[in-house]
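# I need the structure of the sequence given here:
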Amino acid sequence: MNMSESTQQDSRYPLEALPRRIFLDSCTAQTLRDYDYYIYEGEPVPPSDRLHTIPEGMENLDALRRIFLLNERALFEWIVSGASMQEAHDKRDPGHMQWLWDVADHSGVCLDDDAATTESETLAARLSESRFGYLSKKDRLLLQHAIALRCQGFLTMERRLPRNAAHIREQLGLLVLTPRMHWEMLHPWAALWL
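Below is the predicted model:
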C-alpha cells in the first residue's frame with residue numbers, strides 16, 4: 001500500500017469511528033474457540049480442515065488472529081448476551097459453554113453500569129419492523145441485543161448477514177462486519193497499539 005492509499009484509508013475509517021464495543025455473533029464465538037490454537041498461538045490449521053473450503057474462510061480466520069493480537073493492547077470490549085448463551089447451550093457442548101461463560105464474564109465487566117438505555121432498547125425494537133424481514137429469528141435477536149447493549153460493531157463469520165450491512169448501518173447505526181472487514185478498518189491504525 002502506498003502513502004496515498006494509506007491516507008485515503010485513514011480518512012475513510014477515522015480512529016474515532018472504529019468500533020470499540022463489539023458483539024460476537026455465535027458463529028464468531030464458536031470460531032474463536034474451535035481455532036484458538038491458530039488465533040492465539042499461531043499454530044497452523046491442518047490442510048484437511050474444512051475451513052480451507054469455505055470462501056474467505058482462511059482470510060477471516062487470519063483477520064481474527066490479527067485482531068486479537070492487536071487486542072492484547074487495544075482492549076476492545078467483546079460482548080455476548082443471554083441469546084448468545086442460549087445458542088451455546090443448545091449446542092450441548094460443555095466445553096464451548098464454559099468458554100462462552102468466560103467471555104460473558106468479560107462482557108459483564110465491560111457493561112458494568114454501562115448497558116442498555118431506553119434509547120438503545122427503543123432502537124433495538126425497530127428490528128421487529130417489516131423492513132428487517134430478511135433476518136432470521138436468531139440473527140434478529142442477537143442484533144437486538146447488540147444494539148440494546150450499545151455495541152458499535154457486530155462481528156460475524158457468516159457470509160449472508162454482511163450483505164445487508166449497509167441497510168442495518170443506515171437504519172440502526174450498527175456496523176455488521178466480517179473479521180476481514182474489521183481488520184481492514186483497524187489495519188491503518190494498528191501501529192498505535194503495537
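# next, the buried residues of stretch 132-144.
Of all the residues in stretch 132-144, those buried under the rule 16 or more other CB atoms under 10 Å are Phe132, Leu135, Asp139, Arg140, Leu141, Leu142, Leu143, Gln144. For every residue, glycine as well, the C-beta is placed using N, CA and C.
# in strands, which of those residues appear?
In strands, judged by DSSP state E, none of the buried residues of stretch 132-144 are found.
# max pairwise distance over those: which two?
Phe132 and Leu142 (12.7 Å; CB to CB).
# filter the buried residues of stretch 132-144 down to just the ones in helices.
Asp139, Arg140, Leu141, Leu142, Leu143, Gln144 (DSSP state H).
# now, which of the residues you listed sits nearest Leu175?
Proximity to Leu175 was ranked across these by CB to CB; first place goes to Leu143, at 11.4 Å.
# what's the separation between the closest one and Lys137?
Distance, Leu143 to Lys137, by CB to CB, to the nearest Å: 11 Å.
# quick one: the helices in this protein?
Going by DSSP H, the chain shows helices at 3-12, 26-34, 36-39, 57-74, 82-90, 94-111, 118-125, 137-148, 165-172, 179-186.
# make JSON lines out of those helices and add distance to Val45 and mean pLDDT.
Putting those into JSON lines (distance: least, CB to CB, whole Å; pLDDT from 0 to 100) gives the following:
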{"stretch": "helix 3-12", "distance to Val45": "28", "mean pLDDT": "45"}
{"stretch": "helix 26-34", "distance to Val45": "10", "mean pLDDT": "91"}
{"stretch": "helix 36-39", "distance to Val45": "5", "mean pLDDT": "95"}
{"stretch": "helix 57-74", "distance to Val45": "7", "mean pLDDT": "91"}
{"stretch": "helix 82-90", "distance to Val45": "23", "mean pLDDT": "83"}
{"stretch": "helix 94-111", "distance to Val45": "19", "mean pLDDT": "80"}
{"stretch": "helix 118-125", "distance to Val45": "36", "mean pLDDT": "90"}
{"stretch": "helix 137-148", "distance to Val45": "26", "mean pLDDT": "94"}
{"stretch": "helix 165-172", "distance to Val45": "26", "mean pLDDT": "95"}
{"stretch": "helix 179-186", "distance to Val45": "14", "mean pLDDT": "94"}
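# as TSV, those helices with distance to Thr156 would be great.
Formatted as TSV, the helices of the chain follow (distance: least, CB to CB, whole Å):
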stretch	distance to Thr156
helix 3-12	21
helix 26-34	6
helix 36-39	16
helix 57-74	9
helix 82-90	12
helix 94-111	15
helix 118-125	17
helix 137-148	9
helix 165-172	9
helix 179-186	9
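# Leu51 is nearest to which of those helices?
The minimum distance between Leu51 and those falls on helix 57-74, with 4.2 Å, by CB to CB.
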